[in-house]
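Trainee: I would like to see how this sequence folds:
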Amino acid sequence: MATKENAKDNRNKGSITPILIIAGLCAFFYIFGAWQRGGSGKGDSIAAEITKHTDCSILSDLNYETHRDNSAASTTPPNDSDSQVKEFAPCEDRYSDFTPCHDQMRAMTFPRENMNYRERHCYPPEQKLRCLIPPPQGYATPFPWPKSRDYVPYANAPYKSLTIEKAVQNWIQYEGNVFRFPGGGTQFPEGADAYIDQLASVIPFNNGMVRTALDTGCGVASLGAYLFKKNVITMSIAPRDSHEAQVQFALERGVPAIIGVLGTIMLPFPAASFDMAHCSRCLIPWGGNDGMYMMEVDRVLRPGGYWVLSGPPINWKNNFKAWQRPEEELAEEQRKIEEVAKQLCWEKAHEKGEIAIWRKRLISEECRERDSQPTICDSSPNVWFRLLMYRYKKMEKCVTPSPRGTDSWKPFPERLNAVPARISGGLVDGVSVEMYEEDNRTWKKHVSAYMRINKIIDSGRYRNIMDMNAGLGSFAAAIESPKLWVMNVVPTIAEKDTLGVILERGLIGIYHDWCEAFSTYPRTYDLIHANGLFSLYKDKCSTEDILLEMDRILRPEGAVILRDKVSVLMQVQRTVKGMRWNTQMVDHEDGPHVSEKVLFAVKQYWVGGDNNSTTSQ
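Mentor: Alright, predicted model coming up:
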């Protein structure tokens, strides 16, 4: 079985015939998806699909001994005493939904002013859990998209509080062993489609100019779920609060979402990131703090982008009785919002019923010269980038100028591969137009090779995909499909700040430091990709901690693709051997003499209380 090899064994590979190698690889791709449990709803037929479609001849020249880079060649192969694998035990079952930087008990120790306690507050390294987060009993493979938009297995997020609290608002219903999401919401009782149609009378969804959206206070992210019909991809944000599992439900449905809140720190996105921002009864005090939250929306909204606000205080005169709030309070709230919008040079494009839509002007300098202008921020627009751990940038009461060129984006899908203005305008240090185009070609080749090995990548089996070191976003562009979406992560210690380029291409992404946990629930990604991540974080923080975080956010039977130096991947492969992952290292597409290799892995199926997982083979 060609699933796991140590360095000492690999020296003898040259004597094994190609037939045995091919047979071994065929066997690996069978078990690549075979770690699953029997019974209704548990696991899937991934093994059969991979076995049926895999071309087992493409890796017939696999030879580990001749593939090492210089650092690997100088390393003494481990002897028997060194080859002991560290086994990672499961955490207690009560940690099945553990979110290390949004832990409820820890959050309550922080100030409540401006929602500080709902923001990220990560455990220090010495207090991190170093065990495997257990899936709940009965955990099931999610339904494929688009069925997952409407149905989620109850066992995957067994929380009924929203079915009671939002019963009359059509958010979520419990039916047998599944949750059903009718597509409703507090502000769209007739369904998300009808609500989006109202927005579409003003916002041009159909011409590709509105591609990326930010939904603050998203609930269960029904807006983002239904905007996919318009080819709009939405970054949905909601805090971890008394409404259990809002973001968890969103990701179980196959909708991009993170745990987050507009509080005291800036959103983890660069300036001019989104074509549209949205708030539907998101309970954010937009007129408060001298308009600070509206200024933050202005920062991440591109010139020409739209801001939608529905619910209180819009049209308060006709609704104050239903909202059970004083007229004077609502009137003052709307007055402040209108005042800040004017300072920001937003033009009101629409107000009808409880929906108001503003548009950020393409050129606002003249407006700001005429009217009372707010303070202009003097810090770098991309304030999140290169921040040290725990040093998050505080939100400021000032206006951030948009980078030049961000008022002339192309429609989607043309913008996916067109040269972004940030690159043609020289705003990304060290990245030329030629380098961008070469990066696109390289990743098309890499993804083509991935799909030859795992032909179900674009089958619908993997919906939620993460690229942990996204670069220019070319992996996501090459894999682009209506069946999936990619969360492009730009590490804050990366050499180049490329997240603006990624968002300009019509993709979504976020800044993050992988020495900390990601702002998501466990088991929320189907496939994780990382290029050079462990080399990047060498000597920055523990490889083991990063791998444990990957395991936390990866679904049972989820896949991993890691591209790095062979010496780095050998260390990773050894570590995950004790994490219930099955692995196989393969050559670079250009042949065995390239020191960069690719490690494929699949996480075994196991659940809490079931410490005897599927036996390794």
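Trainee: what's opposite the closest residue to Met550 other than its chain neighbours in the beta bridge?
Mentor: Of all residues not flanking Met550 in the chain, Ile528 sits nearest, at 5.8 Å (Cβ to Cβ, 6 or more residues apart in numbering). Heads up, the C-betas are built off the backbone N, CA and C, glycines and all. Per DSSP bridges, residues listed as beta-bridge partners of Ile528: Met466, Val560.
Trainee: surely Ile528 and Val560 touch.
Mentor: Yes: in this structure, Ile528 is within contact of Val560 by Cβ atoms under 8 Å, at 5.0 Å.
Trainee: joint contacts of those two?
Mentor: Met550, Leu554 (Cβ atoms under 8 Å, 6 or more residues apart in numbering).
Trainee: show me what contacts the residue nearest to Met550?
Mentor: By Cβ under 8 Å, 6+ apart, Ile528 lies in contact with Ile465, Met466, Met468, Met550, Ile553, Leu554, Gly558, Ala559, Val560, Ile561.
Trainee: Ala449 now?
Mentor: Applying Cβ under 8 Å, 6+ apart to Ala449 gives the contacts Glu589, Val598.
Trainee: where's the residue positioned nearest the centre of the chain, which helix or strand?
Mentor: Centrality entry for the chain: nearest residue to the mean C-alpha point is Met487, 3.3 Å, by Cα atoms, centre = their mean. Using DSSP states H and E, Met487 maps to strand 485-491.
Trainee: list the neighbouring strands of that strand plus their orientation.
Mentor: Strand 485-491 has these strand partners (DSSP bridges): strand 464-467 (parallel), strand 508-512 (parallel).
Trainee: out of these, flag the one nearest Cys101.
Mentor: Of all the strands paired with strand 485-491, it is strand 508-512 that lies closest to Cys101, at 10.3 Å by Cβ to Cβ.
Trainee: the closest one: how far from the chain's middle?
Mentor: The chain centroid and the centroid of strand 508-512 are separated by 7 Å under Cα atoms, centre = their mean, to the nearest Å.
Trainee: averaged pLDDT, it. What do you get?
Mentor: Mean pLDDT, strand 508-512: 97.
Trainee: how about residues contacting it?
Mentor: Here strand 508-512 makes contact (Cβ under 8 Å, 6+ apart) with 212, 233-235, 256, 258, 268-270, 384-385, 470, 473, 485-492, 499, 502-503, 518.
Trainee: one step back: the residue nearest to Met550 and Tyr462, how far apart?
Mentor: Noted for Ile528: a distance of 10 Å to Tyr462, by Cβ to Cβ, to the nearest Å.
Trainee: equivalent analysis for Val431, please.
Mentor: Distance from Val431 to Tyr462, by Cβ to Cβ: 29 Å.
Trainee: more neighbours, the two?
Mentor: Tyr462 (24 against 20; other Cβ atoms under 10 Å).
Trainee: what residues are up against the more buried one?
Mentor: With contact set as Cβ under 8 Å, 6+ apart, Tyr462 has these partners: Ile456, Leu484, Asp526, Leu527, Gly558, Ala559.
Trainee: circling back to that earlier point, pick the most deeply packed of the strands paired with strand 485-491.
Mentor: Among those, ranked by average contacts under mean count of other Cβ atoms under 10 Å, first place goes to strand 464-467 (a mean of 26).
Trainee: pretty sure Lys603 contacts Pro556?
Mentor: Yes: counting by Cβ under 8 Å, Lys603 touches Pro556, with 5.9 Å between them.
Trainee: could you find the closest non-adjacent residue to Pro158?
Mentor: Leaving aside its sequence neighbours, Pro158 sits nearest to Pro136 (Cβ to Cβ, 6+ apart; 6.4 Å).
Trainee: burial of Thr212, as a residue count?
Mentor: 26.
Trainee: spit out the contact partners of it.
Mentor: Val232, Ile233, Thr234, Met235, Ser273, Phe274, Asp275, Met276, Leu503, Gly506, Leu507, Ile508.
Trainee: quick one: mean pLDDT for the helix or strand harbouring the fourth one?
Mentor: Taking DSSP H and E as the criterion, Met235 maps to strand 233-238. On average, the pLDDT along strand 233-238 is 96.
Trainee: residues making contact with it?
Mentor: 211-219, 221, 223-224, 227, 246-247, 250, 255-261, 267, 269, 274, 278, 485, 506-508, 510.
Trainee: and if we set it to 7 Å?
Mentor: With contact meaning Cβ atoms under 7 Å, 6 or more residues apart in numbering, strand 233-238 is reached by 211-219, 221, 223-224, 227, 246-247, 250, 255-258, 260, 485, 508.
Trainee: pull the distance from that strand to the chain's centre.
Mentor: Put simply, strand 233-238 sits 10 Å off its chain's centre (Cα atoms, centre = their mean).
Trainee: and the angle from that strand to strand 485-491?
Mentor: 70 degrees (axes from the mean of the first three to the mean of the last three Cα atoms, to 10 degrees).
Trainee: partners of strand 233-238, with directions?
Mentor: The strands beside strand 233-238 in its sheet (DSSP bridges) come out as strand 212-216 (parallel), strand 257-259 (parallel).
Trainee: one step back: how much space separates the residue nearest to Met550 from Trp581?
Mentor: For Ile528, the distance to Trp581 (Cβ to Cβ) stands at 11 Å.
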